[in-house]
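Participant: structure of the sequence below:
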Amino acid sequence: MPCIVKKTFEAARKSGNFLIAQVKANQQTLLDAIETISATDDAYDTSLTVDKKSHGRHEHRLVETFEAAGRLGPDWKGLIKTAVRVTRHTWRKDTKTGLWQQTSETAFYASQITLDAKTIGDAIRQHWGIENRNHYVRDVSFFEDQSRIRNKPGHFARLRTFALNIMRANQTKNVSRELYINALNPEHAMSYAVT
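Facilitator: Next up, the predicted model:
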């Protein structure tokens, strides 16, 4: 989800759209208000989903929605109607020991419209599907987070995106493997169809 900026909420409202955005510590006052609402109020809707043993993970995800309209201060009046708390309990299997290790994470979101917990949970999951498809591959396969490029890093980010798009257009399923093959044989990379 995008970083919460009041102007983004205002732009969504003016365009006739709505926004669900994650609230992080860079908006501490808003985060504190949403945390307080979710800690003191009863949720008006909840949704629990369980993903069993998917990719060595077992995850329970609880989405809770709370009425927030008019409770976040004058800056957010008319912009946020629903506060959302998403709690994830994840068990990951350690491939060396065979034991399952548990982690817990709680995230908070703000929504411009009132939706049921399942719908908001699905919207958040769809965003992470996009995040995993693009940013995760760029971070893991192209080592973008480890890049030490300081002079015009945006140009190199565009080149990575360009390379990724070419591979995807050529039906590449495993980007890491394809990069390895291209490193061994640069002519392979030159054989991609570009349309």
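
Participant: pull out the buried positions in stretch 50-67.
Facilitator: 58, 59, 61, 62, 63, 64, 65, 66 (16 or more other Cβ atoms under 10 Å). Where C-beta positions appear, they are placed from N, C-alpha and C, glycine not excepted.

Participant: distance from it to the middle of the chain?
Facilitator: 14 Å (Cα atoms, centre = their mean, to the nearest Å).

Participant: and if you look at stretch 46-59?
Facilitator: Counting by Cα atoms, centre = their mean, stretch 46-59 comes out at 17 Å from the chain centroid.

Participant: please apply the same query to stretch 183-193.
Facilitator: For stretch 183-193, the distance to the chain centre is 32 Å (Cα atoms, centre = their mean).

Participant: how about stretch 56-73?
Facilitator: With Cα atoms, centre = their mean, you get 14 Å for stretch 56-73.

Participant: in the helix or strand containing residue 7, what's buried?
Facilitator: Secondary structure from DSSP states H and E places residue 7 in helix 6-14. Neighbour counts using 16+ other Cβ under 10 Å place 9, 12 of helix 6-14 among the buried residues.

Participant: how about residues contacting it?
Facilitator: Outside helix 6-14, the residues that touch it by Cβ atoms under 8 Å, 6 or more residues apart in numbering are 2, 18, 19, 21, 75, 76, 78, 79, 80, 112.

Participant: of those residues, the lowest pLDDT goes to which?
Facilitator: Lowest pLDDT among these: residue 2, with 41.

Participant: convert the C-alpha atoms of the helix or strand bottoming out on mean pLDDT in the chain to PDB, please.
Facilitator: In the chain, the helix or strand scored least confidently by mean pLDDT, DSSP states H and E is helix 137-140, which has a mean of 72. Output in PDB follows, covering the C-alpha atoms of helix 137-140 (Å, rounded to 0.1, in the frame of the first residue of the first chain):
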ATOM      1  CA  VAL A 137      11.600 -10.100  -7.900                       C
ATOM      2  CA  ARG A 138      13.600  -6.800  -8.300                       C
ATOM      3  CA  ASP A 139      14.800  -7.000  -4.700                       C
ATOM      4  CA  VAL A 140      15.700 -10.700  -4.700                       C
END
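
Participant: so which residues of this structure form strands?
Facilitator: 20-23, 45-54, 57-67, 82-93, 100-111 (DSSP state E).

Participant: what is the shortest one packed up against?
Facilitator: With contacts defined as 3 or more Cβ pairs under 8 Å, 6 or more residues apart in numbering; DSSP states H and E, the packing partners of strand 20-23 are helix 28-40, strand 100-111, helix 117-131.

Participant: between those, which gets the lowest average pLDDT?
Facilitator: Among the helices and strands packed on strand 20-23, helix 117-131 scores lowest, at a mean of 78.
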